[in-house]
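Chemist: Structure for the following, please:
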Amino acid sequence: AMHGLGLMYEKGEGVPQDLPRAAALYEKAAALGDAKSQCSLGILYATGQGVPQNHPRALDLLKRAAAQGVVSADQWLGHLFENGLGVTRDLESAKTHYARACLKGNRAACEGHERLESTAKSGQAKTK
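Modeler: Numbering: from 1, shown residues only. Alright, predicted model coming up:
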């Protein structure tokens, strides 16, 4: 229920948009182990929306959500690893997370995986 209410405040659906309030609701639900809230809060920390940007906190929350099967968490982990946000840049880890989400139908993750594959084939990719 808290995640649903947080989503309403994040998107401004039925209530005025209030990102700090959405983050607070996600925080409460995430602390109780709610995977979707961990993912949503992780994305807010990754983007700095409603909370101060904090990539290490985003990474922790997204890893917990991904471990519980939240597909978009793997897509965002791919993004963080690809760009070295809160973690050492690691293109192999990025590809792994993108592939995991892509296999479950996440289009953005498929695009990320394809981008890294084509970059690696052209010899432009540098890891760590």
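Chemist: Next, count neighbours for Thr88.
Modeler: 9 (other C-beta atoms under 10 Å). Glycine gets a C-beta too; all of them are placed from N, C-alpha and C.
Chemist: ok, it to Lys95 distance?
Modeler: 15 Å (C-beta to C-beta, to the nearest Å).
Chemist: Now the lowest-mean-pLDDT helix or strand in the chain: buried residues?
Modeler: The helix or strand of the chain with the poorest confidence is helix 107-121; it has a mean of 92 (mean pLDDT, DSSP states H and E). The neighbour-count check on helix 107-121 (16 or more other C-beta atoms under 10 Å) flags Ala109, Cys110, Gly112, His113, Leu116 as buried.
Chemist: Thought Tyr98 was touching the second one, still the case?
Modeler: This means Cys110. Yes. At 7.4 Å, Cys110 and Tyr98 qualify as touching, with contact defined as C-beta atoms under 8 Å.
Chemist: Dead centre of this structure: give me the residue that sits there.
Modeler: For the chain, Trp76 is the residue whose C-alpha lies nearest the centre (C-alpha atoms, centre = their mean; 3.1 Å).
Chemist: The helix or strand that residue falls within versus helix 107-121: what angle between them?
Modeler: In this structure, Trp76 sits in helix 71-83 according to DSSP states H and E. Interaxial angle of helix 71-83 relative to helix 107-121 (axes from the mean of the first three to the mean of the last three C-alpha atoms, to 10 degrees): 30 degrees.
Chemist: before we move on, the earlier item: adding distance to Leu61, write the buried residues of helix 107-121 out as TSV.
Modeler: As requested, the buried residues of helix 107-121 are exported to TSV (distance: C-beta to C-beta, whole Å):
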residue	distance to Leu61
Ala109	18
Cys110	23
Gly112	19
His113	22
Leu116	23
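Chemist: Which pLDDT value goes with Gly14?
Modeler: With respect to pLDDT, Gly14 scores 96.
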